[in-house]
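A.B. asks: fold the following and give me the result.
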Amino acid sequence: TLEECGIIDRPHALNVRDGGIWIEPIVQRKPVIINDYESYARKAIPGGHVPVNRFMGVPIYDGEHMVAVAEVGNKEADYDSSDLRQLSLLMSGVWRIIFRKRAEEALSESRSQAELYVDFMGHDINNMNQVAMGFLELALEKLGSEGKLGPEDTVLLEKPMETMKNSAKLIDNVKKLQRL
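C.D. replies: Predicted coordinates for the structure are as follows:
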């Protein structure tokens, strides 16, 4: 059948209004079997398409949402409920694989984003600690040279305290991200 089809390499779009047999599972929102295409009222086959004798279409649902439609045609014998069940099971399994793959990709992307944020936060925490250490080193130098800190030197202790508080907030944010 593939050798007979003249539309394989041509891009094509399906207009739902003029879609003929192809849209029936979408419009009816249920599986469709047509074993006598000649008696079907809405014939619409694109030019170059293989002639259709029999058709079966199955909408695939994820909960209440139609996510795909599987359609087959031209079986030698009539399609029946067994064919319908087989195609439905096959395509439901395919959809679960697609859904799982998408979920795994989304999870991987989320983890990458979280790792990036954690790296940035680690960098920021390190910078804050360097600022705090710089002020404390100045305070130690002042103590070493003068033996005491004066009222004007309180900034040498206040600034590291403020920086350490900000660092603690950032660490809390990292912990919140890790729980997501």
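
A.B. asks: so which residue is dead centre in this protein?
C.D. replies: The centroid of the chain falls nearest to Ala106 when counting by CA atoms, centre = their mean (4.4 Å).

A.B. asks: who are the contact partners of it?
C.D. replies: Applying CB atoms under 8 Å, 6 or more residues apart in numbering, we find Ala106 in contact with no residue. (Each C-beta comes from the backbone N, C-alpha and C, glycine too.)

A.B. asks: how many residues are close by Gly73?
C.D. replies: 19 (other CB atoms under 10 Å).

A.B. asks: which residues touch the closest residue to it other than its chain neighbours?
C.D. replies: Once flanking residues are discounted, Gly73 sits nearest to Phe55: 4.8 Å by CB to CB, 6 or more residues apart in numbering. Residues near Phe55 by CB under 8 Å, 6+ apart: Ile21, Val32, Ile33, Ile34, Tyr37, Tyr40, Glu71, Val72, Gly73, Tyr79.

A.B. asks: look up which residues are beta-bridged to Phe55.
C.D. replies: Beta-bridge partners for Phe55, by DSSP bridges, are Ile34, Gly73.
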